[in-house]
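Asker: Sharing a model prediction with you, sequence too.
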Amino acid sequence: VTVVRIETFVREPVGVVRVTAADGATGIGQVAPYHAAVAALVVHEQLARHVLGADLDADGGIDALVARCRQVERKFAGSHLSRALAGVDTALWDLRARREGVPVCVLAGGRPGPVEVYGSDMSRRWTGAEQVRRLLEAHERHGYRAFKVKIGTAVGARGADGDEWPGRTEEVVDAVGGALTGVAALLVDANGAFSPARATEVGQRVEGHGGVLVEEPCPHDDLVANAEVAAALTVPVALGEQEHDAVGFQRIVAARAADVLQPDVGYVGGFATALAVARAAVGAGLAWTPHAANRSLVAVQALHLRAAAGGVGPPVELALDVAPWAAALFRPALVVVDGHVELTDAPGWGVEVDPAWLAGARRRTSALDGARDRRADVRHLVARAGHGARRVTRGAAGALRRGRS
Ligand SMILES: [Mg+2]
């Protein structure tokens with residue numbers, strides 16, 4: 001199957017990618033959310049040339065294509081390339097799975113069915129009491145058996161021990177830790193707010209409440225600091241949402257900076273890369289869990305990732321709240337029953353992007369026809385240049401014969 005067209009549809013902060021094969025089959029994917037217009041630009045300016053005309057049935061398929069994109073564009077290795085690559089990669093997985101009439105998780109070697117999720121609260125504005133009320137209500141309504149809450153602060157210098165207001169971290173950990181006992185597991189996320197000493201102190205408080213995960217206690221790129229915390233705590237430390245390739249995870253593991261790896265399908269550069277990270281974790285006996293901080297398509301992809309790779313670790317992250325920008329994106333909406341989302345046997349990602357959403361988005365297209373036209377232009381220029389050169393040569397030969405040179 002050959003890809004002949006790549007379209008991007010941008011409605012910030014979301015960017016959808018649609019790939020079309022020579023036989024008209026299509027696949028839908030998504031670049032990593034936030035600054036989606038930049039990711040879409042990278043799709044067309046840097047990646048389209050490697051994808052258009054590529055044969056997905058050739059050796060290696062999507063894996064090989066992703067590897068080639070990374071290899072050729074190696075001078076641009078980093079977050080922006082991976083965010084864009086995720087859009088192309090996830091659209092190709094959808095295309096291939098739809099052509100075979102199976103869900104992506106099946107194409108990747110897994111099975112559909114119920115996937116356990118944890119309710120992830122993205123806001124730091126709640127007091128301890130408000131946080132408890134929200135989580136108990138969500139537990140009552142949807143049966144979540146695990147929740148993640150934010151601690152520390154997401155603003156200001158990383159690792160500087162800031163808090164949203166003085167004492168909020170202790171207030172929330174104690175209130176939620178107490179209220180969830182016997183109800184649901186407690187996970188916390190510091191977004192790199194803490195120094196090792198403060199992270200260890202807070203982590204021990206989480207341990208005191210039987211908590212099960214401390215995410216990004218120290219700045220994510222300070223592996224030494226995170227390793228210090230991981231060694232000091234019995235509760236597992238998690239890292240990985242900021243990594244944009246598999247090598248980043250190898251560094252985390254080599255530094256013993258985390259006990260649980262958290263690949264994000266969007267940020268890490270797509271399903272193939274996330275799957276490779278997850279499988280490496282499973283192979284090494286390490287815990288892992290998909291990272292998915294909103295209910296755009298990345299939430300769906302995270303479910304397929306868990307269903308495909310299996311292994312041990314916390315349930316799949318699912319944002320408690322549906323942001324307005326993600327609410328109208330696709331159908332059917334994700335439904336949480338008894339703390340699980342059911343992955344059906346619908347082909348591809350099992351969802352359709354709402355046509356009204358697409359109609360309201362900024363669209364850009366790269367097509368193989370266009371590429372052929374450009375190549376034809378080049379052939380024409382080369383032919384003209386050749387004709388000119390032959391004329392010059394003939395002129396020179398004639399001048400030589402006439403002895404005037
Ligand atoms: Mg996080």
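Answerer: That came through, no problem. Numbering: from 1, shown residues only.
Asker: need the residues of the stretch 101-250 of the chain near the ion, please.
Answerer: 189, 215 (CB under 5 Å from the ion). Placement of C-beta: from N, CA and C, glycine included.
Asker: Test my guess that G240 contacts Q262.
Answerer: Yes: under the criterion of CB atoms under 8 Å, G240 makes contact with Q262 at 3.7 Å.
Asker: what sits in contact with each of the two?
Answerer: Listed as contacting both G240 and Q262 by CB atoms under 8 Å, 6 or more residues apart in numbering are 288, 291.
Asker: check contacts around the closest residue in space to D57 that isn't next to it in sequence.
Answerer: Distances taken as CB to CB, 6 or more residues apart in numbering place V1 nearest to D57, at 5.8 Å, with adjacent residues excluded. By CB under 8 Å, 6+ apart, the contact set of V1 is 21-23, 25, 55-57, 95-96, 99.
Asker: How about the protein: which residue is closest to the ion?
Answerer: D189 (4.3 Å; CB to the ion).
Asker: Now that residue: phi and psi?
Answerer: phi -130, psi 120 (degrees, to the nearest 10).
Asker: Can you report how many residues neighbour it?
Answerer: 27 (other CB atoms under 10 Å).
Asker: residues in contact with it?
Answerer: 148-151, 215-216 are the contacts of D189 under CB under 8 Å, 6+ apart.
Asker: again, but for V229
Answerer: 194, 196, 199-200, 203, 214, 217-218, 237.
Asker: same deal with R96?
Answerer: With the criterion set at CB under 8 Å, 6+ apart, R96 makes contact with 1, 27, 56, 61-62, 107.
Asker: where along the stretch 1-150 of the chain do the strands fall?
Answerer: Taking DSSP state E, counting those that start in this stretch, the strands of the stretch 1-150 of the chain run over residues 3-11, 14-21, 26-30, 113-120, 146-150.
Asker: Export those strands as TSV, with columns for mean pLDDT and mean neighbour count.
Answerer: Converted to TSV, the strands of the stretch 1-150 of the chain look like this (pLDDT from 0 to 100; neighbours: other CB atoms under 10 Å):
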stretch	mean pLDDT	mean neighbour count
strand 3-11	98	22
strand 14-21	98	24
strand 26-30	98	25
strand 113-120	98	21
strand 146-150	98	25
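Asker: Can you convert those strands into a markdown table and add a column each for distance to T289?
Answerer: Formatted as a markdown table, those follow (distance: least, CB to CB, whole Å):
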| stretch | distance to T289 |
| --- | --- |
| strand 3-11 | 29 |
| strand 14-21 | 23 |
| strand 26-30 | 20 |
| strand 113-120 | 9 |
| strand 146-150 | 10 |
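Asker: Compare those and give me the one nearest R158.
Answerer: Smallest distance to R158 across the strands of the stretch 1-150 of the chain (CB to CB): 14.3 Å, for strand 146-150.
Asker: what helices or strands is the closest one leaning on?
Answerer: Under the contact criterion of 3 or more CB pairs under 8 Å, 6 or more residues apart in numbering; DSSP states H and E, strand 146-150 touches strand 113-120, helix 128-142, helix 168-180, strand 185-189.
Asker: Packed most tightly, which of these would that be?
Answerer: Comparing the helices and strands packed on strand 146-150 by mean neighbour count (mean count of other CB atoms under 10 Å), strand 185-189 comes out on top with a mean of 25.
Asker: quick one: strands adjacent to that strand?
Answerer: Its sheet considered, strand 185-189 pairs with strand 146-150 (parallel), strand 213-215 (parallel) by DSSP bridges.
Asker: Flag the shaky bits of this structure, pLDDT-wise.
Answerer: 370-405 (pLDDT under 70).
Asker: Just want the angle from the helix or strand hosting A280 to strand 26-30.
Answerer: Per DSSP states H and E: A280 is located in helix 271-283. In terms of direction (axes from the mean of the first three to the mean of the last three CA atoms, to 10 degrees), helix 271-283 departs from strand 26-30 by 70 degrees.
Asker: which one of G240 and Q262 has more residues nearby?
Answerer: Q262 (31 against 28).
Asker: quick one: the more buried one from P196, how far?
Answerer: 20 Å (CB to CB, to the nearest Å).
Asker: Same check on G266?
Answerer: G266 is 29 Å from P196, by CB to CB.
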